[in-house]
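# sequence first, then the predicted structure, then my questions.
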Amino acid sequence: IFATLKPPPNISLSEWADKYRYLSAKSSAEPGKWSTDRTPYLREVMNAITDLQTEKVVFMSCAQVGKTDGLILNTIGYFIHYDPAAIIAMQPTVKLAESFSKDRLSMMLEDTPVLRGKVNDKGRNSGNTILQKNYPGGHVTMIGANSANDLRSRPIRVLLADEIDGYPATAGKDGDPLALAEKRLTTYWNRKEVYVSTPTVKGLSRIEVEFEHSTQEEWNVPCPACGELQPLEWGNIIFDKEKPEEVSCVCRKCGVVSG
């Protein structure tokens, strides 16, 4: 009883990932132990998810920078291991939700030792399916933004919305899928919302709207010469297609070129 009532340990999401998470050879170009140092721009975003003062996290970025692994899968792993909860992981369609479950989530559960065995996929009476994984104290349900029935079915504490620019404008006759999902969180004081996506058309992008209503923080890197913190902007990048290994950046403050 006391073990059940014990609060989750004071560990951030990036610390949890660095200590416990393993990447699968079947779904990662660099399999093995997770290292946030390989994707330092994700550190503060990940830690905001486990910050009790932060209810909603929005991440707008280009493609293939670790959004799903860092902010969706790591979050699921953290809650399964440390802070069991009712979780919904939303993809643009039901088909993509099934692919996420089979190709990404199952691989993490199999290859990360502390998560192995938490979800009983083989038990006849476990109640687990491709789109729902039950574990002690909670469950992870994968849904498609195009399925209105899934969006209005149950209360949840954690909403993980992946690639929201691919969501339909409405889930049937029920309205905006994100708005429907958000209503499932209202009974939880410690609810979490995580929205991630690559932006599409400027002015019509869901993630752009969410970002504009956020704190709008940007990843900054220091200039090796003067120490000025600045975001990486394409206009300051020196790139030769014939020598891709010799990419350089011009500091916008002191003008020094560094590679």
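Cool, got the structure.
# for the stretch 101-250 of the chain, give me the ranges with low pLDDT.
Applying pLDDT under 70 to the stretch 101-250 of the chain flags the ranges 122-126, 153.
# ok, now which ones touch the most centrally placed residue in the chain?
Nearest to the mean C-alpha position of the chain, by C-alpha atoms, centre = their mean, lies Leu71 at 2.2 Å. Residues near Leu71 by C-beta atoms under 8 Å, 6 or more residues apart in numbering: 42, 45-46, 49, 57, 59, 160, 194, 196. C-beta coordinates here come from the backbone N, C-alpha and C atoms, glycine included.
# burial count for Tyr188?
15 (other C-beta atoms under 10 Å).
# try the one 4 residues further on
Around Lys192 there are 25 other residues, counting by other C-beta under 10 Å.
# which of the contacts of Leu71 sits closest to Gly32?
For the contacts of Leu71, the minimum distance to Gly32 (C-beta to C-beta) is 17.1 Å, reached by Leu42.
# any idea how far that closest one is from Ile237?
Leu42 is 21 Å from Ile237, where distance means C-beta to C-beta, to the nearest Å.
# the more surrounded of the two?
Taking neighbours as other C-beta under 10 Å, Leu42 and Ile237 compare with Leu42 leading, 23 against 11.
# where does the nearest residue to that one once chain neighbours are set aside land in three-state SS?
Among residues not flanking Leu42 along the chain, Gly70 sits closest, at 4.2 Å (C-beta to C-beta, 6 or more residues apart in numbering). Judged by DSSP: H, G, I helix; E, B strand; the rest coil, the three-state class of Gly70 is helix.
# and the helices in the stretch 101-250 of the chain?
Here the stretch 101-250 of the chain has its helices, by DSSP state H, counting those that start in this stretch, at 106-111, 148-151, 177-183, 206-212.
# and stretch 225-232, how far from the chain's centre?
Relative to its chain's centre, stretch 225-232 lies at 27 Å (C-alpha atoms, centre = their mean, to the nearest Å).
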